[in-house]
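Participant: have a look at this prediction, sequence included:
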Amino acid sequence: LDAAHDMDVKDVHIVPMVTSFDLIRDVEGYADEQAGKRKKAESLSWMIGYLRSMREPMGRIYIDLGEPVVVSQAPDPDDKLALSKLAFRVAVEANRATPLTLTSMSCFILLAWAPRGMTGRELRSMMVMLVRWAEARGIRLTEDLQAGPKKNPVPKTLGMLKKHGLIMEYDQAQENVYLIEPHKHPVASYYRNSIAHHFVNKATIELALLKVLEQPQLNATDLFWQETLRLRDLFKFEYFYPEKAQYRSDLEAELSRTDAGWQSKLDAGAEQIETLLLGLRPIVPHAVFLQFTEAYSVVLEIIARLAPGQTINKTDCVQLALKEGRQAYLLRRITSEASIAKTLFESAFKLAENQGLFDDADPDCTAKRRALLAEFRALAARMEKARVGTTADTERLLEAEDSAAESSAAPAAPRSPVH
C-alpha cells in the first residue's frame, strides 16, 4: 500500500489466500509457549529431529482464495485508521474463504464435549448435522467432508490424529470412544479456532435465547437484542465483527433460515422461545465461546481481588493468570487446558481496560470488576447447560435411529383375516 500510494496506483486488488492443514508440525511448540513454557532451543539436534518427524504423513494442505478487496486509492502511510480498516476487510474475506476440514471439525466437536469423550457414532452424527448446516450457508468444505453418506472418512482422519497423539481411543467395550488427550487441548484448540468464526452468529443467537429464558418477566425481544450486542462487545477482541447494523442483519438472516416465524415466537413466551431454540440444534455456544469465557474469568478474578485504587500491569497479570489458570483447571473450575494461554489472558486484560476497570476516578470501579466477573460466570453456566442439552439430544437421536433400524429389520406381523 505504501508503494501504491507513492506511485499513485489505482484499484489495487488485495487477494486473501488461506492455507489450511490437516496437521501442522509446529502447533505443539506454539501451544507450549502460550501455556507459559519456555521455547526449546533450535540446535542442530533439534533440526535433525524436526526433519525426521516430517517423514510421518500429516494429511493434506488446502489453498483457498477469498474475494479481492479493491483499494481504489491507497491511503496515506500515516493514516493508521484507514490501514486498520483495510486489514479488517481482508481478514473478514480470509475468514469467509477458510474451509471446514475434517481435522478442524473433529477438534471443534470433541473439545465441545470435553472432558467427556464421544462414541464414533456420536461424533459422526454431530459431524453430519454441522456439515449440513454449513452447506446450507455456503461455507466452504474440503472434499472429505463432501464425501456423501456412503463414504465415511472420519475413521481415517481419527486414525491419523490418534497416530500423532492428538486424540486417544478406548476400544475395550461395546463402542469405541474418542476424546482429545487433556494435555493436547491447547493443540486441538488451534485447529478448532481456525473455523470457530463460521459459527459465531449461530452461537450468539443461542446464548442470547438462553439469557431470555432466564428472565421471562422482561421484554423478550428487547432483551434478546441487548444481549447480542453485549456479546459482540465482550468478545470483540476474539472475532471480527461487522458494524452494528450489519451485525443485526446477519443475525436476523440466520434466524430466518432456521424459522421464518422467529419474531412472533420471540414475543410469545418461554414455550415458543424453547421451540425456537430447539430448531437451532445442535446448539454450539460452548464450542465457540467457552474457551474465552473461562480464560477471561481467570483474569477477572485477579482484577476483582484488587483493593480500591489498586492496579496491576498486563505482564504481571498474565503471569499470575497462567498460574491461577492451572490451579482452576486442576480444581475443574475450568474445563480445558486450552483456556490457559497468554493471548487469551492478554485479550482479557485488554477487555478490562476497555471496560474501565482500572479507572481510579470511578468510585464504583470495584463493583464493576465484580459485576463483569459475575457476567462471565453466568455465561459459562449457560454454555454448560447448552453442552448438557446437546449431549442429551444426540443420545436421543441415536436411540431413535436404533429403534427405527430395529423396526425395519423385524418381520411383519401376520395380517388378521378380518382385515
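Facilitator: In hand now; what should we look at? Numbering: from 1, shown residues only.
Participant: contacts and neighbour counts: CA atoms only from here.
Facilitator: Fine.
Participant: next one: residue 325, what pLDDT does it get?
Facilitator: If you check residue 325, the pLDDT there is 95.
Participant: residue 152 now?
Facilitator: 63.
Participant: can you check residue 119 too?
Facilitator: 90.
Participant: residues in contact with it?
Facilitator: Taking C-alpha atoms under 8 Å, 6 or more residues apart in numbering as the criterion, residue 119 is in contact with 175, 176, 177, 178.
Participant: then residue 294?
Facilitator: 334, 339, 376, 380.
Participant: tell me how far the helix or strand where it lies lies from the chain's centre.
Facilitator: Residue 294 belongs to helix 285-304 when assigned by DSSP states H and E. With C-alpha atoms, centre = their mean, to the nearest Å as the basis, helix 285-304 stands 13 Å off its chain's centre.
Participant: and it, C-alpha only, in CSV?
Facilitator: Provided in CSV are the C-alpha atoms of helix 285-304 (Å, rounded to 0.1, in the frame of the first residue of the first chain):
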residue,chain,number,x,y,z
PRO,A,285,-22.1,-21.8,22.1
HIS,A,286,-19.8,-23.8,24.3
ALA,A,287,-17.7,-24.8,21.2
VAL,A,288,-17.4,-21.1,20.2
PHE,A,289,-17.1,-19.0,23.4
LEU,A,290,-16.3,-21.2,26.4
GLN,A,291,-12.5,-21.2,25.9
PHE,A,292,-12.5,-17.4,26.0
THR,A,293,-15.1,-17.2,28.8
GLU,A,294,-13.0,-19.4,31.1
ALA,A,295,-9.8,-17.6,30.3
TYR,A,296,-11.4,-14.2,30.9
SER,A,297,-12.8,-15.3,34.2
VAL,A,298,-9.4,-16.2,35.4
VAL,A,299,-8.1,-12.7,34.7
LEU,A,300,-11.2,-11.0,36.0
GLU,A,301,-10.9,-13.0,39.3
ILE,A,302,-7.4,-11.5,39.8
ILE,A,303,-8.7,-8.0,39.0
ALA,A,304,-11.8,-8.4,41.2
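Participant: counting only helices, which of the contacts of residue 119 make the cut?
Facilitator: Among the contacts of residue 119, no residue falls in helices (DSSP state H).
Participant: which among these end up buried?
Facilitator: Buried subset of the contacts of residue 119 (neighbour count, 16 or more other C-alpha atoms under 10 Å): 177, 178.
Participant: report the two of the contacts of residue 119 separated the most.
Facilitator: Spatially, the most separated pair among the contacts of residue 119 is 175 and 178, at 9.8 Å (C-alpha to C-alpha).
Participant: who touches both of these two?
Facilitator: In contact with both residue 175 and residue 178: 119, 120, using C-alpha under 8 Å, 6+ apart.
Participant: returning to what we had before: next structured bit after the helix holding residue 294?
Facilitator: helix 314-330.
Participant: give me the angle between that next one and helix 285-304.
Facilitator: 120 degrees (axes from the mean of the first three to the mean of the last three C-alpha atoms, to 10 degrees).
Participant: neighbours around the closest residue in space to residue 27 that isn't next to it in sequence, how many?
Facilitator: Distances taken as C-alpha to C-alpha, 6 or more residues apart in numbering put residue 187 closest to residue 27, at 6.1 Å, once the chain neighbours are dropped. Using other C-alpha atoms under 10 Å, residue 187 has 23 other residues around it.
Participant: what helix or strand is residue 187 located in?
Facilitator: Per DSSP H and E: helix 185-193 holds residue 187.
Participant: could you identify the helix or strand that succeeds that helix?
Facilitator: helix 200-214.
Participant: thought residue 62 was touching residue 17, still the case?
Facilitator: No - if you go by C-alpha atoms under 8 Å, residue 17 and residue 62 don't touch, sitting 10.3 Å apart.
Participant: between these two, who's got more neighbours?
Facilitator: residue 17 (17 against 13).
Participant: not counting its own residues, what contacts the lowest-mean-pLDDT helix or strand in the chain?
Facilitator: Sorting the helices and strands of the chain by mean pLDDT, DSSP states H and E puts helix 27-34 at the bottom, at a mean of 73. With contact meaning C-alpha under 8 Å, 6+ apart, helix 27-34 is reached by 38, 39, 186, 187, 190, 340, 341, 342, 343.
Participant: only the buried residues of it, if you could.
Facilitator: 27, 28, 31, 32, 34.
Participant: next: stretch 355-373.
Facilitator: Those would be 355, 357, 358, 365, 366, 368, 369, 370, 372, 373, for stretch 355-373 by 16+ other C-alpha under 10 Å.
Participant: need the max-distance pair from those residues.
Facilitator: 358 and 373 (14.3 Å).
Participant: spit out the contact partners of the nearest residue to residue 70 once chain neighbours are set aside.
Facilitator: Spatial nearest neighbour of residue 70, chain neighbours left out: residue 13 (4.6 Å); criterion: C-alpha to C-alpha, 6+ apart. By C-alpha under 8 Å, 6+ apart, residue 13 lies in contact with 68, 69, 70, 71.
Participant: what do you get for residue 221?
Facilitator: 266, 267.
Participant: ok, now how distant is it from residue 281?
Facilitator: 21 Å (C-alpha to C-alpha, to the nearest Å).
Participant: same thing with residue 275?
Facilitator: In terms of C-alpha to C-alpha, residue 275 sits 10 Å off from residue 281.
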